[in-house]
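Novice: starting from these lines, generate the structure:
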Amino acid sequence: MPRRMFGQSWTAKTSVELAVGSSDVHLSVWADCRGAWGNLTWPEHPGSGDYLSELPANAVLFEDRLEGSAASWELKGLWHRAQNSSCVALPAESGNGALYFGNEGYCDFYNRQSCYQGVGWATTPPIAGVKKGAKLSFDSYRDLGAYDATWVEFFLAGRGTSAASDDRPRVWIQRDVQPTDKSWQHVEVELPYAWFYGMPVQIRFVADTRSGWEKRDHKGWVVDNVRLSL
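Specialist: Below you'll find the predicted structure:
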């Protein structure tokens, strides 16, 4: 008969004697946090101890310089991993790989299967250990047309099934009213919300292209050196 213990503190070591003889032991540990979405009562991080310790300041939670495979990313639309691309020269310190929203063969982001509005996104794998104030940095090269928008959003892992939703927090956004970069920019932003404490999140780079034939005259969006740290 499984033995369940409720009300145990998760900030301290707990020892329990089990008289099991020669039987196999199966141990499950979980936290039941009722009243989620803003009413969570656990601390930012469990206290230090034998099993759990707070992550140190400046700890790197996720980093991808995109020199290897991007298989762990979810890539939709024109997003793909570009290697030694002839469309956009990468900074010397960035190596040869990056994520590119565009067409390698034409160096534009015109969707030749449909000239209508297109949305594409590149999503990281789940990232654990995130807390309010975590710092996201990446290198960005934008060459887009009128009415196009690019942004970065985050959400609880596994809950970002569609890029069309407006209810996910956006931590960085560039619209057509802002001048397109056409040069490499280093971007640093903070994750300003607290409701995801203790839960893995994912970061998503979204390109929403609304211009028409202008897609043929612009290279698209390139992202490199993605890093999330405390």
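
Novice: for residue 225, give me its contacts.
Specialist: 64, 65, 66, 94, 137, 138, 139 (CB atoms under 8 Å, 6 or more residues apart in numbering). Heads up, the C-betas are built off the backbone N, CA and C, glycines and all.

Novice: the last one falls within a strand, correct?
Specialist: The one in question is residue 139. Yes: counting by DSSP: H, G, I helix; E, B strand; the rest coil, residue 139 falls inside a strand.

Novice: which SS state does residue 93 fall under?
Specialist: Going by three-state DSSP: residue 93 is helix.

Novice: and residue 217, what are its phi and psi?
Specialist: phi -100, psi 0 (degrees, to the nearest 10).

Novice: begin at 527, not 1, for the rest of this chat.
Specialist: Will do, 527 is the new start, and the previous item becomes residue 743.

Novice: show the pLDDT at it.
Specialist: On pLDDT, residue 743 comes in at 80.

Novice: same thing with residue 756?
Specialist: At residue 756, pLDDT is 89.

Novice: what's the answer for residue 707, then?
Specialist: Reported pLDDT for residue 707: 76.

Novice: tell me the bridge partners for the spatially closest residue to it that is not a sequence neighbour.
Specialist: Closest residue to residue 707 apart from its sequence neighbours, by CB to CB, 6 or more residues apart in numbering: residue 668 at 4.4 Å. Here residue 668 sits in beta bridges with residue 747, going by DSSP bridges.

Novice: what's the pLDDT at residue 668?
Specialist: So, for residue 668, pLDDT stands at 93.

Novice: try residue 559
Specialist: pLDDT, residue 559: 47.

Novice: same question for residue 643.
Specialist: For residue 643, pLDDT reads 58.

Novice: quick revisit: save the contacts of residue 751 as CSV, and put in pLDDT and distance to residue 644 too.
Specialist: Below are the contacts of residue 751 laid out as CSV (pLDDT from 0 to 100; distance: CB to CB, whole Å):
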residue, pLDDT, distance to residue 644
590, 95, 24
591, 93, 27
592, 93, 22
620, 81, 26
663, 97, 27
664, 96, 22
665, 95, 23
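
Novice: which of those ranks first by neighbour count?
Specialist: residue 592 (24 neighbours; other CB atoms under 10 Å).

Novice: number of nearby residues for the residue lying closest to residue 683 once chain neighbours are set aside?
Specialist: Closest residue to residue 683 apart from its sequence neighbours, by CB to CB, 6+ apart: residue 652 at 3.7 Å. Residues near residue 652, counting by other CB under 10 Å, number 15.

Novice: mind listing what residue 652 touches?
Specialist: Taking CB under 8 Å, 6+ apart, we find residue 652 in contact with 683, 684, 726, 727, 728.

Novice: which one of those residues is nearest to residue 627?
Specialist: Closest approach to residue 627 among the contacts of residue 652 (CB to CB): residue 728, at 17.7 Å.

Novice: quick one, which of the contacts of residue 652 are buried?
Specialist: 683, 727, 728 (16 or more other CB atoms under 10 Å).

Novice: how about stretch 612-632: buried residues?
Specialist: 613, 614, 616, 620, 621, 623, 624, 625, 626, 627, 628, 629.

Novice: and these as a markdown table, adding secondary structure and distance to residue 748?
Specialist: Supplementary listing: those in a markdown table, determined by DSSP: H, G, I helix; E, B strand; the rest coil; distance: CB to CB, whole Å:
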| residue | secondary structure | distance to residue 748 |
| --- | --- | --- |
| 613 | coil | 8 |
| 614 | coil | 5 |
| 616 | coil | 8 |
| 620 | helix | 10 |
| 621 | coil | 13 |
| 623 | strand | 11 |
| 624 | strand | 5 |
| 625 | strand | 7 |
| 626 | strand | 5 |
| 627 | strand | 8 |
| 628 | coil | 8 |
| 629 | strand | 13 |
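
Novice: good, we can wrap up now.
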